[in-house]
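Prediction below, plus the sequence it came from.
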Amino acid sequence: MKLSRFQLSILALFALSAIVPVATAKVGAAGPEHAATLDRESFLKEFRQAKAIGAQDQMEKLIQRNQADAVDAIINLCTSLGGATNDSVEDDLNSLRIAWKGSMKTAFVDKVYEYYSLLDGTSRVERVKLVNKYFVYLNKMIKAEADKDTSTIKSLCSDFLMVAESLDAVGDHYYASLAWLSYGRAQDEPQRPDDPNLREAVIGYANSLAARDKIELRDRVRADVEVRHKVLVGMGYGKDGDTGKPGADKPGKGKSGVGMSLGDPVIQDLTFAVEEKPGAIERPFWSNDDVFNAWTSLGFTKVDSRAEFPGIKSIGLVRDTIKSFQVSSGGEKNSMVMAGKMTPCQIVLGDAKLPYAFLTMTGTQKDQYQGVEINMEPSDVQMTVYVAPASKIVGNLAGVPVEIFDDNMNGTYGDAPVSWGHVGMTAEHYMFDFDAIRIDGSKHALPWSRYQKVGDVWYDMAVDGHKLTAAPLDIKTGTLKLKFKGPRPKYVILKGRNNLEDCYFDLAGSKKGIEVPVGNYDLFAGFMSEGKRTAIQKTAILPGVNTPNWRVTEGETVEVELGGPFGFDFQSEDLGANVKILGASVVVTGMNDERYERPWNCRPYSMASIRKSGAKKGGKPEKMKSNLDQSTLYTDWALGFHPQDLELPKKSGMDDGFEVQLTEKKNKLFGKIESDWKIGG
């Protein structure tokens, strides 16, 4: 039986296996009060019948008895509006709002209605993508729990974490609460009896509770989660209310994930500094150059309008004049006058008033976006402020200079990569921003990794505020060496599996190979770029479905082969008389199915050809046209990264099957690109 989305979410909440270190404390012990859930339509039918006769008391009791169904109905109705107005839906929601307040005594319906109603088009699309991704991972989790596949459950932790943080970033606290709950359960003892990470489980549950509290969703699910959270806190695995820093177990003396500690950890206070010039050293994030039109942007409308800083919700942003905006953070205010040049914005964060900074820039009348001239100068009705990371903490570790950068711009140093749903990616693919560490003055910073070699010593490292804790390790290592055909990337980052899941190692910084702990590794991300300033050509690297993984044993050198020959991945539709090639699906691929996403100034101008399945020769190629013109870009900046859709007429015999091929003779960055013939439709 295929489960509905709501059934999946309920299974996530009411666990397949109860969480039972204390017999009376369970998350998801499916008791009698939950037995009637999983039927939104039946709930709405009964609710509408009660509404029709004005039975307010009955409506409130229905919500109290069927909380999960009521929540599902409310979320479904809110999302169905899609920013538009529907009188019958609005009427249902108003009745649910009144009944919920009477029954549950909170403003939950008001909170979610306001959020979903005010979503802009881009955020709405991104939210849907993230929710879809969450349910993909949840499907895998449910199957893994049924199969007792603890390895898969553990591997899903980073997936749930990425989705949870991204949903937090777009403000969907309901689905963020589910993703955080799934993250906590994937770390907890019943799901991973041999190697639970109970501190991370506490963080997952705490964030789930916090997300529900933001929308005043104080239901049975929240009560169940709170019980389990308190049990783990009582066992010493965290503090009450501490949402923590996911993925950052504190290092210390004793056994780590990969080896034995050599002694007590080194604890070092680091000093805040501002990195004022992007590109001064190589760092593993997309915006490390002065092409500010491709940075993360803050969109203001008229004076007094507000914008949201994507990674730090506590920062308040208000446009106060035609060319300035006010920043509120940590109880302080700072007015930023935009004068058409890169300017660091320095603020403080939180009650501790830790200093923080990010670069700002506004557009001009003659900016360049993917080679097209655009006018982004502030006006009475709009001001776009582009932002890039500029915060770092500096000091030394055992006499070796170190600098740690908050390049994912979420206000913390040395944490997991974050995806902000950048424009220009193909569907269901996400580019990550990394925190970085610069060691001993190197011109090539490394992605932050829990295990890192500094000087001649391996350390298990974590950062709390501006304090670095590093425990020296005795570990077994091998070597990973990049073999790349084509323009050499700036970064190719592999992520470890299992005990190395918090570890990220860059292969592109050394042609001789890099030393890594023994274990299994997957391609996680990367960046390629050539040229400078407005002529820069760059792309993000991501794994494909068939990208292999690599195993490193002690003393062994393992080659990681990527790059050319380059091909295309794409999707096509059979329209009957014609074949449509979907421009937004076109992406360059490499020899090991890796994907080269978000092409900047190197977007493919591919030729498309079709043929009858099994034929030796294709039809005359036709060019996929560009989306690069001002009017198109002003409607959707993402269109500048992809060609337009192309329809080709089907020839005789193609109704029984056809194949499609894309080619480009000489791409600016990749050179020759040629796909295999791909079965169409």
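That came in fine, so what should we check first?

rest of the way, CA atoms for contacts and neighbours
Will do.

Show me this protein divided up by domain.
What automatic domain parsing lists as the domains of the chain is 5-234, 261-464, 476-563, 569-679.

now for the ones you listed, which one comes closest to Ala470?
Each of the domains of the chain was scored for nearness to Ala470 using Cα to Cα, and the closest is domain 261-464 (4.4 Å).

sorry, back to before: would you mind putting the domains of the chain into CSV with mean pLDDT alongside?
Below are the domains of the chain laid out as CSV (pLDDT from 0 to 100):
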stretch, mean pLDDT
domain 5-234, 81
domain 261-464, 90
domain 476-563, 93
domain 569-679, 91
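
wait, Gly657 sits on Ala615?
No: between Gly657 and Ala615 there is no contact under Cα atoms under 8 Å: 10.5 Å.

Export the domains of the chain as CSV, with columns for mean neighbour count and distance to Ala470.
Converted to CSV, the domains of the chain look like this (neighbours: other Cα atoms under 10 Å; distance: least, Cα to Cα, whole Å):
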stretch, mean neighbour count, distance to Ala470
domain 5-234, 19, 19
domain 261-464, 19, 4
domain 476-563, 19, 14
domain 569-679, 18, 34
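
Just say helix, strand or coil for Pro190.
Three-state assignment for Pro190 (DSSP: H, G, I helix; E, B strand; the rest coil): coil.

For it, give its distance to Leu198.
11 Å (Cα to Cα, to the nearest Å).

Leaving out the residues flanking it, which one is nearest to the most centrally placed residue in the chain?
Nearest residue to the geometric centre of the chain (Cα atoms, centre = their mean): Ser419, 2.8 Å. Leaving aside its sequence neighbours, Ser419 sits nearest to Phe432 (Cα to Cα, 6 or more residues apart in numbering; 4.5 Å).

any idea how far the one you found is from Pro344?
23 Å.

for this structure, what's the longest helix?
helix 121-147 (DSSP state H).

Would you confirm that Trp100 contacts Leu93?
No: with contacts counted by Cα under 8 Å, Trp100 stays clear of Leu93, the gap being 10.0 Å.

Could you tell me which residues touch both of these two?
Val109 (Cα atoms under 8 Å, 6 or more residues apart in numbering).

Quick check: which helices or strands does the longest helix of the chain pack against?
On a contact count with 3 or more Cα pairs under 8 Å, 6 or more residues apart in numbering; DSSP states H and E, helix 121-147 meets helix 5-13, helix 150-170, helix 173-187.

How far does the second one sit from its chain's centre?
Computed by Cα atoms, centre = their mean, to the nearest Å, the separation of helix 150-170 from the middle of its chain amounts to 9 Å.

tell me the angle that helix makes with helix 173-187.
160 degrees (axes from the mean of the first three to the mean of the last three Cα atoms, to 10 degrees).

got a list of contacts for helix 150-170?
123, 126-127, 130, 133-134, 137, 141, 144-145, 173, 175-180, 182-183, 186-187, 191-192, 246, 310-311, 313, 418-421, 497-498, 501.

Who's the closest spatial neighbour of Leu494, skipping the chain neighbours?
Nearest one to Leu494, counting by Cα to Cα, 6+ apart, is Leu523 at 4.5 Å.

pretty sure that neighbour is touching Pro543, no?
Yes: the criterion here is Cα under 8 Å, and Leu523 meets it with Pro543 at 5.7 Å.

Show me where the stretch 451-600 of the chain has its helices.
Applying DSSP state H, counting those that start in this stretch to the stretch 451-600 of the chain gives no helices.

now do the stretch 151-300 of the chain
173-187, 198-214, 220-234.

So Ser379, which state does it fall into?
coil.

re earlier: the longest helix of the chain versus helix 150-170: what angle between them?
160 degrees.

thinking again about what came up before, any idea which of the helices and strands packed on helix 121-147 gets closest to Gln630?
So among the helices and strands packed on helix 121-147, helix 150-170 is nearest, using Cα to Cα, at 27.5 Å.

what's the distance between the nearest residue in space to Leu480 that is not next to it in sequence and Gly564?
Closest residue to Leu480 apart from its sequence neighbours, by Cα to Cα, 6+ apart: Val558 at 5.0 Å. Distance check for Val558 against Gly564: by Cα to Cα, it reads 19 Å.

Kindly report the same for Leu473.
38 Å.

next one: Ser631
Distance from Ser631 to Gly564, by Cα to Cα: 35 Å.

Surely Pro487 touches Lys668?
No: with contact defined as Cα under 8 Å, Pro487 does not count as touching Lys668 (10.7 Å).

what about the closest residue to Phe43 other than its chain neighbours, is that helix, strand or coil?
Distances taken as Cα to Cα, 6+ apart put Asp69 closest to Phe43, at 6.3 Å, once the chain neighbours are dropped. With three-state DSSP as the basis, Asp69 sits in helix.

The one 3 residues further on too?
Per three-state DSSP, the local secondary structure of Asp72 is helix.

give me phi/psi at the closest residue to it other than its chain neighbours?
Spatial nearest neighbour of Asp72, chain neighbours left out: Arg40 (6.5 Å); criterion: Cα to Cα, 6+ apart. Backbone torsions for Arg40, taken as degrees, to the nearest 10, come to phi -60, psi -40.

Enumerate every residue touching Ser609.
618-622, 660-662 are the contacts of Ser609 under Cα under 8 Å, 6+ apart.

quick one: it is in a strand?
Yes: counting by three-state DSSP, Ser609 is found in a strand.

what pairs with it across the strands?
Using DSSP bridges, the beta-bridge partners of Ser609 come out as Gln661.

Equivalent analysis for Val337, please.
Beta-bridge partners for Val337, by DSSP bridges, are Ser324.

going forward, begin numbering at 824 instead of 1
Will do, 824 is the new start, and the previous item becomes Val1160.

May I have the residues that are in contact with it?
With Cα under 8 Å, 6+ apart, Val1160 has these contacts: 1146-1148.

quick revisit: ok, which of the helices of the stretch 974-1123 of the chain comes nearest Met1184?
Using Cα to Cα, the helices of the stretch 974-1123 of the chain put helix 996-1010 closest to Met1184, at 30.2 Å.

Can I get that closest one in CSV, CA atoms only?
As requested, the backbone C-alpha atoms of helix 996-1010 are provided in CSV (Å, rounded to 0.1, in the frame of the first residue of the first chain):
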residue,chain,number,x,y,z
HIS,A,996,7.9,26.2,11.1
TYR,A,997,5.3,23.4,10.8
TYR,A,998,7.3,21.3,8.4
ALA,A,999,10.5,22.3,10.0
SER,A,1000,9.1,20.8,13.3
LEU,A,1001,8.5,17.5,11.5
ALA,A,1002,12.0,17.5,9.9
TRP,A,1003,13.7,18.3,13.2
LEU,A,1004,11.7,15.5,14.8
SER,A,1005,12.8,13.1,12.2
TYR,A,1006,16.4,14.2,12.7
GLY,A,1007,16.0,13.6,16.4
ARG,A,1008,14.5,10.1,15.9
ALA,A,1009,17.2,9.2,13.4
GLN,A,1010,19.8,9.9,16.2
